[in-house]
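*Asks:* attaching a predicted model along with its sequence, questions to come.
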Amino acid sequence: MLDRSSTVPAAPLGAVAALNVSMRSLVTATPPHKVPQALAKERAREVFASRMPFFPQLEQVFDNAAIDYRYSCLPVEWFLGPADFGEKTRLYVEHATALAEDAARRALEAAAMTEADIDAIVFVSSTGISTPSIEARLMNRMPFRSDVMRLPIFGLGCAGGVIGMTRAAQMARSQPGLNVLLIVVELSSLAFRYDRISKANMVACALFGDGAAAAILSSDTEGAGGITIGDGGEHCWPGTLGVMGWDVDGQGLDVIFQQSIPEITARDYPGALDGFLARRGLTRSAIDRPCCHPGGAKVVVELERVFGYGEGELDAERRVLRNYGNMSAPTVLFVLDDLIRNGASGQLLLSSLGPGFTAAFQFVEVGASRSAS
């Protein structure tokens with residue numbers, strides 16, 4: 001197995017680090033259209049039942065997804081007809097920029113900062129293509145400094161929220177006083193394929209929603225702030241490129257989503273987790289609370305088993321899945337926000353699985369005095 005774990009020491013766990021990195025704010029955002037799961041199922045029946053002989057067997061995926069609501073950048077009527085990659089790309093640029101702006105403004109407000117305070121922007125998204133990238137477009141709508149550093153990240157899928165935070169922390173740690181704005185936006189609904197008669201497309205219809213999160217990370221030498229970002233790392237399994245990702249054609253992004261993901265979580269994820277911890281001289285007992293990306297109902301069950309929880313005890317993960325669906329990269333940050341708001345403290349380990357096939361890990365220490373909102 002190929003391991004690409006970071007070797008940067010974990011400051012919150014007592015290792016030597018030049019600078020601490022504190023989270024100054026954390027916010028989440030959703031687009032305006034709230035879609036009940038029952039309505040999504042009804043619309044899927046309108047679109048597919050007459051063209052998919054096995055639809056009656058597949059529509060139960062909507063009932064088994066443990067999702068009540070999702071959010072979409074477009075009204076459900078838009079999904080009742082075909083759209084090509086050009087239209088989807090135009091819509092992605094328009095709505096991703098708007099959602100990124102909403103999240104960025106609220107993250108700045110929560111941190112009592114202005115655009116001029118930001119030294120770097122890390123933008124994470126895998127559900128659309130834009131050049132100039134979204135954070136460059138954002139700089140034309142908000143008065144960030146012209147010398148701000150920019151790091152757009154594409155292709156990490158569901159792992160993007162965790163790895164994006166790791167990259168933002170690494171940038172912040174590079175010099176004292178650096179303020180990094182992390183923005184994670186996914187419009188997974190735009191990957192809907194009217195033309196694709198497949199089980200994977202039906203699963204995507206039942207699971208995926210749109211959302212965004214933003215956080216501001218700042219480096220300091222005093223460790224100020226109630227939330228400290230520690231070490232992060234990744235584990236990429238070779239020979240697993242077909243587990244998760246996109247196929248791209250003239251109609252857009254076509255989801256690759258293997259049924260084996262819960263099985264991989266049960267069989268291979270524990271070894272990756274223990275390897276990440278062991279290289280830092282740690283065991284699972286160092287984790288006060290995991291903060292997991294709830295990829296789906298079956299994946300959550302397997303994660304509960306891995307971390308020694310009873311079924312239903314990863315309550316924040318299940319709450320986020322139920323109320324927002326799988327938003328890909330931002331989802332784990334919604335879980336982190338939920339945990340913080342509900343009083344979680346100690347060493348949290350953010351974790352998600354994404355294309356590659358990759359497991360991502362990031363320690364976040366939450367103290368008694370917390371500034372994230």
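*Replies:* Structure received.
*Asks:* for this structure, just list every one of the strands.
*Replies:* 2-3, 20-29, 33-36, 69-72, 120-124, 149-153, 179-187, 210-220, 227-236, 244-249, 252-257, 289-292, 346-354, 358-366 (DSSP state E).
*Asks:* quick check: mean pLDDT of the longest one?
*Replies:* Okay, so that is strand 210-220. Average pLDDT, strand 210-220: 96.
*Asks:* same check on the fifth one?
*Replies:* Per-residue pLDDT over strand 120-124 has a mean of 98.
*Asks:* return the distance of it from the chain's centre.
*Replies:* Taking Cα atoms, centre = their mean, to the nearest Å, the mean C-alpha location of strand 120-124 is offset from the chain mean by 14 Å.
*Asks:* partner strands of it and their direction?
*Replies:* Its sheet considered, strand 120-124 pairs with strand 149-153 (parallel), strand 179-187 (parallel) by DSSP bridges.
*Asks:* now the angle between strand 210-220 and the last one, please.
*Replies:* Right, the one you point to is strand 179-187. Interaxial angle, strand 179-187 versus strand 210-220 (axes from the mean of the first three to the mean of the last three Cα atoms, to 10 degrees): 170 degrees.
*Asks:* again with the first one
*Replies:* Angle between the axes of strand 149-153 and strand 210-220 is 140 degrees (criterion: the same axes, to 10 degrees).
*Asks:* quick one on the thing from earlier: make a markdown table from the strands of the chain and add distance to K88 and mean neighbour count to it.
*Replies:* The way it works is simple: take the backbone N, C-alpha and C, and place the C-beta from them, glycine included. Formatted as a markdown table, the strands of the chain follow (distance: least, Cβ to Cβ, whole Å; neighbours: other Cβ atoms under 10 Å):
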| stretch | distance to K88 | mean neighbour count |
| --- | --- | --- |
| strand 2-3 | 33 | 12 |
| strand 20-29 | 21 | 24 |
| strand 33-36 | 16 | 16 |
| strand 69-72 | 13 | 23 |
| strand 120-124 | 19 | 26 |
| strand 149-153 | 19 | 16 |
| strand 179-187 | 9 | 29 |
| strand 210-220 | 13 | 27 |
| strand 227-236 | 28 | 24 |
| strand 244-249 | 11 | 16 |
| strand 252-257 | 5 | 21 |
| strand 289-292 | 29 | 24 |
| strand 346-354 | 21 | 24 |
| strand 358-366 | 25 | 26 |
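*Asks:* pLDDT score for A344?
*Replies:* pLDDT, A344: 94.
*Asks:* state the distance from the closest residue to it other than its chain neighbours to A213.
*Replies:* Excluding the flanking residues, the one nearest A344 by Cβ to Cβ, 6 or more residues apart in numbering is R289, at 5.4 Å. Shown here: R289 relative to A213, a distance of 18 Å by Cβ to Cβ, to the nearest Å.
*Asks:* R280 too?
*Replies:* 26 Å.
*Asks:* residues contacting R145?
*Replies:* If you count contacts by Cβ atoms under 8 Å, 6 or more residues apart in numbering, R145 has them with 115-116, 118-119.
*Asks:* let me know the closest of those to E135.
*Replies:* I118 (10.5 Å; Cβ to Cβ).
*Asks:* counting neighbours, what do you get for the closest one?
*Replies:* 23 (other Cβ atoms under 10 Å).
*Asks:* dihedrals phi and psi, it?
*Replies:* The phi/psi pair for I118 (degrees, to the nearest 10) reads phi -90, psi 130.
*Asks:* what about the closest residue to it other than its chain neighbours, distance to E135?
*Replies:* Distance criterion Cβ to Cβ, 6+ apart; nearest residue to I118, sequence neighbours excluded, is L181 at 4.9 Å. Distance, L181 to E135, using Cβ to Cβ: 9 Å.
*Asks:* what touches both of those two?
*Replies:* I121.
*Asks:* mind checking pLDDT for the residue nearest to R322 when sequence neighbours are not counted?
*Replies:* Nearest non-adjacent residue to R322, counting by Cβ to Cβ, 6+ apart: D68, 5.1 Å away. D68 carries a pLDDT value of 97.
*Asks:* one more: A204?
*Replies:* Reported pLDDT for A204: 85.
*Asks:* repeat for I261
*Replies:* pLDDT at I261 comes out at 82.
*Asks:* surely it meets G242?
*Replies:* No: at 11.6 Å, I261 does not count as touching G242 under the criterion of Cβ atoms under 8 Å.
*Asks:* and these two? which has more neighbours close in?
*Replies:* More crowded of I261 and G242, by other Cβ under 10 Å: I261, with 20 against 12.
*Asks:* what's the nearest residue to K41 once chain neighbours are set aside in contact with, if anything?
*Replies:* Computed as Cβ to Cβ, 6+ apart, the closest residue to K41 that is not its neighbour in sequence is F62, at 3.9 Å. Listed by Cβ under 8 Å, 6+ apart, the contact set of F62 reads 37, 40-41, 44, 205-206.
*Asks:* now Q175
*Replies:* 19, 219 are the contacts of Q175 under Cβ under 8 Å, 6+ apart.
*Asks:* which regions of the chain sit below the pLDDT cut-off?
*Replies:* 1-18, 221-225, 368-373 (pLDDT under 70).
*Asks:* leaving out chain neighbours, which residue sits closest to D288?
*Replies:* For D288, the closest residue by Cβ to Cβ, 6+ apart turns out to be G346, at 3.1 Å.
*Asks:* that neighbour reaches V366, doesn't it?
*Replies:* Yes: counting by Cβ under 8 Å, V366 is a contact partner of G346 at 6.6 Å.
*Asks:* quickly list what's touching both of those two.
*Replies:* In contact with both G346 and V366: no residue, using Cβ under 8 Å, 6+ apart.
*Asks:* please report how far the closest residue to Q258 other than its chain neighbours lies from F154.
*Replies:* Distances taken as Cβ to Cβ, 6+ apart put V243 closest to Q258, at 4.9 Å, once the chain neighbours are dropped. Distance of V243 to F154, computed by Cβ to Cβ: 18 Å.
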